[in-house]
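Trainee: Have a look at this fold, sequence not included:
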């Protein structure tokens, strides 16, 4: 969850930086903002993958417990 939250925050910061760079005509700040947005998307994606792996791990553990429990 941390990676997803940080990723969304980086994307928002990057968007603000990009817009500011456009407004004042500073291409360096504009591109820095775009790069920060990309970094945020990657970080959010990593968070999504981690969440998916955790979900699969939980399902495997539940299945193992269910098959090992006598009925």
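Mentor: Done, it's in. Keep in mind that what you see is a predicted model, and the values were worked out from it rather than measured.
Trainee: Residue 44: neighbour count?
Mentor: 19 (other C-beta atoms under 10 Å). C-beta here means a position set from N, CA and C on the backbone, and glycine is covered the same way.
Trainee: host element of it?
Mentor: helix 27-68 (DSSP states H and E).
Trainee: Touching, residue 20 and residue 32? I think so.
Mentor: No - if you go by C-beta atoms under 8 Å, residue 20 and residue 32 don't touch, sitting 10.0 Å apart.
Trainee: Residue 50 versus the residue nearest the centre of the chain, what's the distance?
Mentor: Compute the mean C-alpha point of the chain, and by C-alpha atoms, centre = their mean the closest residue is residue 44, 0.8 Å away. Remark: distance between residue 44 and residue 50 (C-beta to C-beta, to the nearest Å) = 11 Å.
Trainee: any shared contact partners between those two?
Mentor: residue 3 (C-beta atoms under 8 Å, 6 or more residues apart in numbering).
Trainee: Now do the same contact list for the residue nearest to the centre of the chain.
Mentor: By C-beta under 8 Å, 6+ apart, the neighbours of residue 44 are 3, 4, 7, 8, 11.
Trainee: okay, it: pLDDT?
Mentor: On pLDDT, residue 44 comes in at 94.
Trainee: got any ranges where this protein has weak pLDDT?
Mentor: 57-58, 61, 64, 69-71 (pLDDT under 70).
Trainee: what's around residue 3, how many residues?
Mentor: 17.
Trainee: Next: residue 37.
Mentor: Applying other C-beta under 10 Å, I find that residue 37 has 20 neighbouring residues.
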